[in-house]
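Visitor: generate coordinates for the sequence data below:
(2 chains)
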Amino acid sequence: MNLEKVVFGFFVVLAATLNFGFFIGDIDDPALHNPYELFAAVVVNLIATVLKFGDRTQIGAVHLATSLVADLQLIGATLMFGYAEYVSSAGMTPSWTASVVSLSGGALLANIVSVVLLVVETVSFHRG
Amino acid sequence: MGNPLLVFWRNIFGPEDDDRRARRSALRVAASSAVEASETIFLVMRRMRAPLIVLIAIFAVSVLGLTLIPGQDAEGDPYRMGFFDAFYVMSYTASTIGFGEIPYPFTYNQRMWVTISIYLAVVGWAYAIGSLLALVQDRAFRSALALQHFTRKVARLREPFLLIAGYGRAGELLGRSIDALGRRFVVLDVSSERIDDLELAPLHADVPALAADARDPGHLGVAGLDHPCCEAVVALTDDEETNLTVVMAAALLRPELPVIARASSEAMADRMRAFGHPSIVDPFDRFGDHLRLALSAPASYQLLTWLESGPGAELPERGTPPRSGRWVVCGYGRLGRELTADLRAEGIEVTVIEPDPTGPEDADIVVGEGSEPEVLEQVDLAHAVGFVAGTDNDTTNLSLVATARRVNPGLFVAARQNRPESAPLFSAMDLDARLVPTEVIAHEVYAQLSTPLLWRFIREMPARGDAWAADLVQRLSDLCGSQLQALWKVRLTSQEAPALGRWLASGQARLGDLLRNPENRDEPLHILVLLVLSGDQAVLAPDDDLVLRTGDEVLLAGWGAARRALGTTLQVDSVLEYVVSGRRVPSGWVWRKLSRTPAEAPASRPPTRTGA
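Guide: Numbers count the residues shown, from 1 in each chain, chains lettered A, B, ... in the order given. Prediction:
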């Protein structure tokens, strides 16, 4: 067992699960989308991205790319969240909530690709 | 063809007779070095993983803590910070900017947490920034950056350039002459100090340089060996084996490129010749040849050294080495052997002094230190005419010269200077001839590279005799003064001389008619034609009646202004018409039609000769 692989897998999967947890629920109901979960998703995604730094393989490059996409989408979501809460007078209206959640949905897709890559890598490693 | 638009069109879409375009597509020898460079970047990213993760974790914990710890608003009601406020507070607190407690003054709970966070965050930042600075200082990282920078610079070169491996004294001299010609070059040298020197050197063009071992074909690759604009490779390192490796790499990867390499033994030269047709420069051999030339034809030697020294060079003095009498050579190393052989081939008696003779025994070797009086007595220096201090130690050479002069003040003294730092001492000795191996190499390579015509001129010139050379030196110094002006080549093709097409085809194109001032054709241009190469036949210093033909190549010397004036004549139909026949023709198409004097082949009316 390789500790590096455990940590790597842990963060990749945790990033996807946290993202999923935030995403699930009615898209325009702010009560179903916990800001703490979004925060945790952003942090874990950032850590997962840094963990993917410096891998020279092709699959490593795609890993990094998917993580960067997820980061971009999640940070976009938090920025919209912050804008809705602090700047706009209306607060988390259904439309703002929908925007935030749909952005995190995009990030979820990228995270799923990451997990698929992880699985592919693992399976091909065993066969090879 | 005088129309600039037509010329432009032709240059772009016309048949390209430049063989450079025909070179096969770039090889990928550079790939290995590029991979090496990106590997280092990956290593750097890998090393930044831990500091970045620590920083993210510290931030996340601090921000999360702030949002969870209950606070109070202005009225004393319970209040929890949002994520944005928490992130904002942590950002300025962690970076030690500290704007204060917002949006409401903190409770003690919050202050305790912020205190802990400050210490954590400062440690995190210090760790991350420290790691980053350490990486910037890292040698591997810096050399990777330098390699990338160099690779990019070389890849962006869009004009022909030389690849010089080895930037020692010879490389430096060569680089300066090449730069004065307005040509580009790329440098590889194993010593980073030499590369730093190069960056400080006052050169016109930006010279890409890399401190790397030229024995690695990957380094040669990034230095432009596989670049389509690379026009020649020069191997001038001190290490013979490195030079051989460069010759090999060039011959195997780019067989069509001309290669010039330094070698100081015949065995090494043979090993190099096994790979293609490299041009070998052996400083000691060349110096021997020069000495023979100086002995038999001082003026030819003077002309040779002047032309080889490149633009701006002072006219060297014409030496008068004694032709009859006995010479004494001190030091029987590589130089001593060459000189002795060359002098003996000229029929001159030579006595050799060598403290530690190795190799085949020679009849006339006196074993001993050259500076000892009894040894000098033994060789009978008082009755010799020439003396050569040819050891590989500058101090020994200087003391030999001083001792020899004391014994016989009338001697013709030649000495070998090994290190550039000793130059002032050797100048102060006022020697009759000074051998600097690196300068011999640099001049020789320059003559071969500046234009093939100059090289041809230099090879064929000695055969023309001393009086001819003396006359040419006189004409050249009348024209240029004591400093050599521009040397350049013109190819009489539709590319370089579009106006000349019909005139050349008429078969009456006299050289003298062309070299007239476009402002006033009665004045000749301040240009001296050194050589005209017609097909495979070279005419040295031709007279005005030589008939030029299409495709001829002409080597000229003269002032920059004359070069520009000649350029106008070659490009513009109406100027050519005036220069050749004296008729002023309108240069525009409309006026030409109106005045009904189409720019045809100019009539071969002999121009009025005036006493110019």
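
Visitor: could you pull out the helices in chain A for me?
Guide: For chain A, the helices defined by DSSP state H cover A:3-23, A:35-51, A:58-82, A:94-127.

Visitor: also the stretch 251-400 of chain B?
Guide: In the stretch 251-400 of chain B, the segments counted as helices under DSSP state H, counting those that start in this stretch are B:266-273, B:283-296, B:298-308, B:334-345, B:373-378, B:394-407.

Visitor: just the helices of chain A: most buried one?
Guide: Of all the helices of chain A, helix A:35-51 carries the top mean neighbour count, a mean of 22, counting by mean count of other C-beta atoms under 10 Å in any protein chain shown. Glycine gets a C-beta too; all of them are placed from N, C-alpha and C.

Visitor: residues in contact with that one: which ones?
Guide: Here helix A:35-51 makes contact (C-beta atoms under 8 Å, 6 or more residues apart in numbering or on different chains) with A:7-8, A:11-12, A:14-15, A:18-19, A:21-22, A:64, A:67-68, A:70-71, A:74-75, A:77-78, A:81, A:100, A:104, A:107, A:111, A:114, B:48-49, B:52-53, B:56-57, B:59-60, B:63-64, B:67, B:82-83.

Visitor: where does the prediction get shaky in the chain?
Guide: Reading this off chain A. For chain A, the stretches flagged by pLDDT under 70 are A:1, A:126-128.

Visitor: hmm, I had chain B in mind actually
Guide: For chain B, the stretches with pLDDT under 70 are B:1-39, B:357-364, B:370, B:587, B:596-612.

Visitor: the longest strand in it is where?
Guide: Longest strand in chain B by number of residues (criterion: DSSP state E): strand B:527-534.

Visitor: partner strands of that strand, with direction?
Guide: Strand pairing for strand B:527-534, determined by DSSP bridges: strand B:537-540 (antiparallel), strand B:553-558 (antiparallel).

Visitor: make CSV from these and add mean neighbour count to it.
Guide: Formatted as CSV, these follow (neighbours: other C-beta atoms under 10 Å in any protein chain shown):
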stretch, mean neighbour count
strand B:537-540, 15
strand B:553-558, 23
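
Visitor: quick check: chain neighbours aside, which residue is closest to the residue of chain A found nearest chain B?
Guide: Here chain A gets closest to chain B at one residue, A:Gly54, 3.2 Å apart by C-beta to the nearest C-beta. Nearest non-adjacent residue to A:Gly54, counting by C-beta to C-beta, 6 or more residues apart in numbering or on different chains: B:Arg46, 3.2 Å away.

Visitor: ok, back up a step: off-centre distance for the longest strand of chain B?
Guide: 25 Å (C-alpha atoms, centre = their mean, to the nearest Å).

Visitor: picking up where we left off before, tell me which helix or strand the residue nearest to A:Gly54 sits in.
Guide: helix B:30-68 (DSSP states H and E).

Visitor: same deal with B:Leu162?
Guide: Element membership for B:Leu162 (DSSP H and E) is strand B:161-165.

Visitor: what residues does that strand touch?
Guide: Residues outside strand B:161-165 that contact it (C-beta under 8 Å, 6+ apart): B:171, B:174-175, B:178, B:183-189, B:214, B:220, B:223-225, B:227, B:229-237, B:242-243, B:246, B:449.

Visitor: no further questions, thank you.
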